[in-house]
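Colleague: below are the sequence and a predicted model; questions follow.
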Amino acid sequence: MGSLPPLDAPLPLGPEAFLDESRPVIDFLNGYYRDIESYPVRPDAEPGWLRTLLPDVPPEHGDPVEAILEDVQQHIIPGLTHWQSPNFFAYFPANGSAAGLMGDMLTSGLNVVPFSWASSPAATELESVVVDWMCKLLGLPDRFLFSCGGRGVLHGSTCEGVVSTLAAARDRALRSLGHEGIVRLVVYASDQSHATFQKGTSIIGIPPANFRIIPTSASSGYGLTADSVYDAVEADIASGLVPLYLCATIGTTGVGAVDPVRGLGEVARRYCMWLHVDVAFAGSALICPEFRDCINGAELADSVSMNPHKWFLTNMDCCCLWVANPQVLTSALSTNPEYLNNIGKGGTEVIDYKDWQIALSRPFRAMKLWVVLHRYGAAGMRAHIRRHVEMAKWFERMVRADERFEVVTPRSFSLVTFRLRPQNELEDEISVDALNRKLLVAINTSGRAFMTHFVVDNKFVIRMAMGGAMTQMRHVRDAWKLVKEKAKEVGAFPREYAQVREMN
């Protein structure tokens, strides 16, 4: 048997240990952000590469903080995709901020687990305040406010919110259909909707065959139309199926399409479907009055979700979910073992957020969102959003002004989709796609920027998504120069384009 540790050994969370070990980490991160532009945005790493650098077993005796940070610098940093790089234009941003980091530090440092009101009253109370703040900032209908019967919760991701609301809609329907009715339930989304909804539908037990992907087209801006949903629902009803759940999206992942919430809401009401509005990325823009029209009709929705960790300066992970009828949600997700019941103050009248989510345990997410709002204020956040929108407008103008390229879908919020045009009338789409794939690979392997792609109307398009907390106009200009430079390298421009004026 090993020897017992001395009873007076240093505590893992003593005040001295905290100061001695947190200061080097702060210094390390400060250096990382200072030097972040020196790293390739995306690494040139091979699968399994890190395993060859690290030991097969953990150390028997602990290493000092300095040694750990040296390993991070030598082994981890070179293999990261640097999401906080000002040259990161891929996916949608997962941007952080000094305030977001401060909130995360407080969350991790306090390290409470607020699954019930009694387990940490202030955490539950702050969460209810913060989601109401966000509801008002986004201009959502009052029916989602605590004072008007609705309520909100902070999840880790949209995926969690989708599964939770799908479960609530399912249980509401099965109360009248009986358990066997699950094979008759149908979920509707567009071909632009996030794949999360397909995954969530399978998780809650609805057959994949009952998930309807409704096509969209350029004529509607790739938004889901009420008529197309109506036709799909009517066909399903004629086959003995039951419409359950409809997803509307504001700012789809691929091209930033905006679904007409009011029209879809009217269809959902007609057929007693649950309407969920997904504003994961673009919801941040709703704090600006000029974007509020996008959410018109949200009073017809049963739930709305948005991700502050995407474009709202709030470090991962944080998703706001609002529901108009919280009792339907909690009845699908609640568990009440005796050991979790509130005794004494509060009793059954308080919120237990364990009943609003899939897991029992949960972090104190409200702290970091509250700190971000506290630190920057509504005006500061609006300026943050508008800055990226202006960058996207500039990039779109540059693409449109260069006849070698085309904007595939009109700019949406801070997202621009573009590609190289066909070089002549005889060039087929397969060749054009191959050229644009080569262009994207060349951009990303340069290490000077990172972009991702989408396929719309069978066209391979490159996505330029602005939103990084450290991104400035000079980075967007450099990205445009890089695009043109790499287009030449991959042989995109024949001789007849040689005299095309280079755009600044």
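Modeller: Perfect, thanks for sending it. Numbering: from 1, shown residues only.
Colleague: stretch 352-371: which residues count as buried?
Modeller: Neighbour-count burial for stretch 352-371, with 16 or more other CB atoms under 10 Å as criterion, is recorded at 352-358, 362-371. Quick note: C-beta positions are derived from backbone N, CA and C, even for glycine.
Colleague: now do the SS call for the closest residue to L69 other than its chain neighbours.
Modeller: Using CB to CB, 6 or more residues apart in numbering and skipping residues adjacent in sequence, the residue nearest L69 is F28, 5.0 Å away. With DSSP: H, G, I helix; E, B strand; the rest coil as the basis, F28 sits in helix.
Colleague: just the pLDDT for F28.
Modeller: Turning to F28, the model gives it a pLDDT of 96.
Colleague: and it, how close does it get to P55?
Modeller: 22 Å (CB to CB, to the nearest Å).
Colleague: tell me where the protein has strands.
Modeller: For the chain, the strands defined by DSSP state E occupy 151-155, 185-190, 211-214, 242-249, 274-278, 303-306, 319-323, 405-412, 415-420, 452-456, 459-465.
Colleague: mind putting those strands into CSV with distance to H82?
Modeller: Shown next, in CSV, are the strands of the chain (distance: least, CB to CB, whole Å):
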stretch, distance to H82
strand 151-155, 26
strand 185-190, 32
strand 211-214, 34
strand 242-249, 28
strand 274-278, 27
strand 303-306, 25
strand 319-323, 23
strand 405-412, 25
strand 415-420, 20
strand 452-456, 15
strand 459-465, 15
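Colleague: check these for me and report the most buried one.
Modeller: strand 303-306 (a mean of 29; mean count of other CB atoms under 10 Å).
Colleague: strand partners (parallel or antiparallel) of that strand?
Modeller: Counting by DSSP bridges, the strands paired with strand 303-306 are strand 274-278 (parallel), strand 319-323 (antiparallel).
Colleague: the closest residue to P422 other than its chain neighbours: neighbour count?
Modeller: Sequence neighbours aside, V432 is the residue nearest to P422 in space, at 5.1 Å (criterion: CB to CB, 6+ apart). V432 has 18 neighbouring residues, counting by other CB atoms under 10 Å.
Colleague: point out where the chain drops to low pLDDT.
Modeller: The chain contains residues with pLDDT under 70 at 1-5, 7, 342-348, 424-427, 493-504.
Colleague: circling back: residues touching the residue nearest to P422, list them.
Modeller: 419-422, 459-460 (CB atoms under 8 Å, 6 or more residues apart in numbering).
Colleague: what's the spacing between the closest residue to V229 other than its chain neighbours and L138?
Modeller: In this structure, V229 finds its nearest non-sequential neighbour in V267, 5.0 Å apart by CB to CB, 6+ apart. Distance, V267 to L138, using CB to CB: 23 Å.
Colleague: how about F405, what does it touch?
Modeller: 399, 418-421, 483, 487.
Colleague: tell me which two of these sit farthest apart.
Modeller: Farthest pair in these (CB to CB) is R421 and V483. Separation: 13.4 Å.
Colleague: neighbour count for these two, which is higher?
Modeller: Between R421 and V483, counting by other CB under 10 Å, V483 is the more crowded of the two (24 against 17).
Colleague: pretty sure the more buried one is touching L439, no?
Modeller: Yes - the pair V483 / L439 is scored as a contact, 7.4 Å apart, by CB atoms under 8 Å.
Colleague: so which of the contacts of V432 comes closest to V113?
Modeller: F460 (45.7 Å).
Colleague: which non-adjacent residue is nearest the closest one?
Modeller: D433 (4.0 Å).
Colleague: domain ranges for the protein?
Modeller: 15-38+43-80, 113-363, 379-497 (automatic domain parsing).
Colleague: end to end on the longest one, go ahead and measure it.
Modeller: As for domain 113-363, its first-to-last residue distance stands at 6 Å under the measure CA to CA, to the nearest Å.
Colleague: how far away from the center of its chain is that domain?
Modeller: What separates the centre of domain 113-363 from the centre of its chain is 14 Å, taken as CA atoms, centre = their mean, to the nearest Å.
Colleague: ok, the last one next?
Modeller: With CA atoms, centre = their mean as the basis, domain 379-497 stands 21 Å off its chain's centre.
Colleague: then stretch 373-383 to PDB, C-alphas only?
Modeller: What follows is stretch 373-383, C-alpha atoms only, in PDB (Å, rounded to 0.1, in the frame of the first residue of the first chain):
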ATOM      1  CA  LEU A 373     -23.900  42.900 -20.600                       C
ATOM      2  CA  HIS A 374     -22.700  44.800 -17.500                       C
ATOM      3  CA  ARG A 375     -19.300  45.600 -19.100                       C
ATOM      4  CA  TYR A 376     -20.300  46.700 -22.600                       C
ATOM      5  CA  GLY A 377     -23.900  47.700 -22.300                       C
ATOM      6  CA  ALA A 378     -26.500  47.600 -25.000                       C
ATOM      7  CA  ALA A 379     -24.900  50.500 -27.000                       C
ATOM      8  CA  GLY A 380     -21.500  48.800 -26.900                       C
ATOM      9  CA  MET A 381     -23.000  45.600 -28.200                       C
ATOM     10  CA  ARG A 382     -24.900  47.300 -31.000                       C
ATOM     11  CA  ALA A 383     -21.600  49.000 -32.100                       C
END
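Colleague: check which residues of it are buried.
Modeller: 373, 375-376, 381-382.
Colleague: contacts only, for the closest residue to L54 other than its chain neighbours.
Modeller: Distances taken as CB to CB, 6+ apart place H75 nearest to L54, at 6.8 Å, with adjacent residues excluded. Residues in contact with H75, defined by CB under 8 Å, 6+ apart, are 50, 53-54.
Colleague: please report how far the residue nearest to P422 lies from W117.
Modeller: 58 Å.
Colleague: go on, I214?
Modeller: 41 Å.
Colleague: what of Q198?
Modeller: 35 Å.
Colleague: ok, back up a step: closest to S190 among the contacts of H75?
Modeller: For the contacts of H75, the nearest to S190 is L50 (38.8 Å; CB to CB).
Colleague: which non-adjacent residue is nearest that closest one?
Modeller: G79 is the one closest to L50 (CB to CB, 6+ apart), at 6.0 Å.
Colleague: higher neighbour count, F28 and P55?
Modeller: F28 (17 against 7).
Colleague: OK, contacts around the more buried one?
Modeller: 69, 72-73.
Colleague: one more: L174?
Modeller: 181-182.
Colleague: count of neighbours near S116?
Modeller: 20.
Colleague: just checking, it touches L360?
Modeller: No - with contact defined as CB under 8 Å, S116 does not count as touching L360 (9.3 Å).
Colleague: overlap in contacts of the two?
Modeller: K354.
Colleague: so which residues of the stretch 101-250 of the chain form helices?
Modeller: Counting by DSSP state H, counting those that start in this stretch, the stretch 101-250 of the chain has helices at residues 121-137, 158-177, 196-203, 226-238.
Colleague: can you say which of those helices is packed in most?
Modeller: helix 158-177 (a mean of 21).
Colleague: alpha carbons of it, as PDB, please.
Modeller: C-alpha atoms of helix 158-177 as PDB (Å, rounded to 0.1, in the frame of the first residue of the first chain):
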ATOM      1  CA  THR A 158     -28.900  25.200 -29.700                       C
ATOM      2  CA  CYS A 159     -28.800  21.400 -29.900                       C
ATOM      3  CA  GLU A 160     -29.900  21.100 -26.300                       C
ATOM      4  CA  GLY A 161     -32.600  23.600 -26.800                       C
ATOM      5  CA  VAL A 162     -33.900  21.800 -29.900                       C
ATOM      6  CA  VAL A 163     -34.000  18.400 -28.200                       C
ATOM      7  CA  SER A 164     -35.800  19.900 -25.200                       C
ATOM      8  CA  THR A 165     -38.500  21.700 -27.200                       C
ATOM      9  CA  LEU A 166     -39.000  18.600 -29.500                       C
ATOM     10  CA  ALA A 167     -39.500  16.500 -26.400                       C
ATOM     11  CA  ALA A 168     -42.000  19.000 -25.000                       C
ATOM     12  CA  ALA A 169     -43.900  19.100 -28.400                       C
ATOM     13  CA  ARG A 170     -43.800  15.300 -28.600                       C
ATOM     14  CA  ASP A 171     -45.300  14.800 -25.100                       C
ATOM     15  CA  ARG A 172     -47.900  17.400 -25.700                       C
ATOM     16  CA  ALA A 173     -49.100  15.500 -28.800                       C
ATOM     17  CA  LEU A 174     -48.800  12.100 -27.200                       C
ATOM     18  CA  ARG A 175     -51.200  13.000 -24.400                       C
ATOM     19  CA  SER A 176     -54.000  12.900 -27.000                       C
ATOM     20  CA  LEU A 177     -52.600  10.300 -29.400                       C
END
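Colleague: perfect, that will be all.
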